[in-house]
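Q: here is my input, please return the structure:
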Amino acid sequence: MSGDIISAKAPVNIAVIKYWGKRDEKLLIPLNDSVSASFDMNVMCAKTSVCARPDFVEDKFWLNGVEQSFNNPRLINCLLKIKNIAAEQQSVEKDFLKWKVHICSENNFPTAAGLASSAAGYACLTTALAQLYKINTDLSVVARLGSGSASRSIYGGFVRWYSGTKPDGSDSVSKQVVDAQYWSEMRVLILVVSETQKHISSLDGMKITAETSELIKHRVAVSVPSRVEKMCAAIKQKDFATFAELTMKDSNEFHAVCLSAYPPCIYLTETSYRIIEIIHFYNKMCGSPKVAYTFDAGPNACLYLLEDEVPRVLSLINYFFPSSNKDFVKGLPCPTLENVDFLKNSEKDPIGNDLLKYVIYTKLGDGPIILNDGDHLLNECGEPM
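A: This is a model prediction of the structure:
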């Protein structure tokens, strides 16, 4: 058995119906279903290389060029789960299961800033390890053990993660609603307010909220079950107005629930609230929802909109949040901005200079892929390149 290097790439996903709170902390079983979209990996992705060899003396893990402690329960749980499946399926030799592993991962976007870095990272790790150990299983269940929302990054397009009812979490799986090509006109603008790590991690925030919030009980029992079904129907019907309204209502409720925790979990900033204000102003001016905002556990806005709206909405952002950054729009090629004279009569002035660091322009994308031999992050010795 050789010590081949396996490398994979996996997408970021941002939920339009949020997951917040766990039914089981160890198995990362969520309190409620959620729905998300996976993004174009050419713009935002996690990339991971894995290797197992008999001469490795210890398990090692590098993230974004820096060696991390391998004593991470979630990382270990993913690795052990895959090794156990490999043993059951007899997919590799027994000796191979005893070899230590080297894992090297990197993100091409800010980590721990509310941009779903752990989701992409663990989906990527799971995909690479599954290939290394030659297993055949539902990888959404394995990825969930690393990061709950990683379950959704196992697929492209729009994805639903089912909370399930079984105590062992075996039915807490993700399934694709539609693929990335189904609603090909869908576009995404991520407004990066901050790249710094969150004050309250999602892990801590979920625990505090689940233990202390009265509002989360209503969300789990009433709001989300109805909203998830309506959202999946809107996606399948390409009903953007309904999609947008559901997305914004769920984001608002999610952050209201976070605020209802004790002590409160505050993720939005003044700039975040101004973005919300501007989006509602624009939609009202258009006469129907043309763009939807959603905020994960962080200040950065994720705007969903159709391709035809991108030039106008980017012009809107550029007007209200002027930037001195020459590379303000990253990702897909920036379309030609439109005339914003319509804003000059709105009695709304620009909000402030350089309040946004930059904008990431992207679209929906596919699920994880295995990369070619020339794309490894580990060298022939199993060390970072």
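Q: do you know the pLDDT at the residue nearest to W62 when sequence neighbours are not counted?
A: Excluding its sequence neighbours, the residue lying closest to W62 (CB to CB, 6 or more residues apart in numbering) is C104, at 4.5 Å. In this view, the C-beta of every residue, glycine as well, is placed from N, C-alpha and C. Note on C104: pLDDT of 97.
Q: wait, a strand at C104?
A: Yes: assessed by DSSP: H, G, I helix; E, B strand; the rest coil, C104 belongs to a strand.
Q: quick one, what contacts Q181?
A: G157 (CB atoms under 8 Å, 6 or more residues apart in numbering).
Q: for it, helix, strand, or coil?
A: coil.
Q: still on that earlier bit, touching, the residue nearest to W62 and P384? I think so.
A: Yes: with contact defined as CB atoms under 8 Å, C104 counts as touching P384 (5.1 Å).
Q: hmm, back to that, partners of the residue nearest to W62 in the sheet?
A: S49, W62 (DSSP bridges).
Q: so what's it up against?
A: T48, S49, V50, F61, W62, L377, L378, P384, M385.
Q: low pLDDT regions in the stretch 101-250 of the chain?
A: 110-116 (pLDDT under 70).
Q: all helices for it, in order.
A: 117-132, 139-144, 202-212, 215-218, 224-237, 240-259 (DSSP state H, counting those that start in this stretch).
Q: out of those, the one nearest K326 is which?
A: The closest of the helices of the stretch 101-250 of the chain to K326 is helix 117-132. By CB to CB, the value is 25.7 Å.
Q: among the contacts of C104, which pair sits farthest apart?
A: Maximum distance among those (CB to CB): 15.2 Å, for F61 and M385.
Q: ok, those two, which is more surrounded?
A: Each of F61 and M385 has its neighbours counted (other CB atoms under 10 Å); F61 has more, 21 against 9.
Q: is it true that that one touches I103?
A: Yes: applying CB under 8 Å as the test, F61 and I103 come out as touching, 4.6 Å apart.
Q: shared neighbours, the two?
A: With CB under 8 Å, 6+ apart, F61 and I103 have common neighbours L75.
Q: the residue of the chain most remote from its centre and L337, how far apart?
A: Farthest-out residue of the chain from its mean C-alpha position, per CA atoms, centre = their mean: N345, at 37.6 Å. N345 sits 18 Å away from L337, going by CB to CB, to the nearest Å.
Q: thanks again, I'm all set now.
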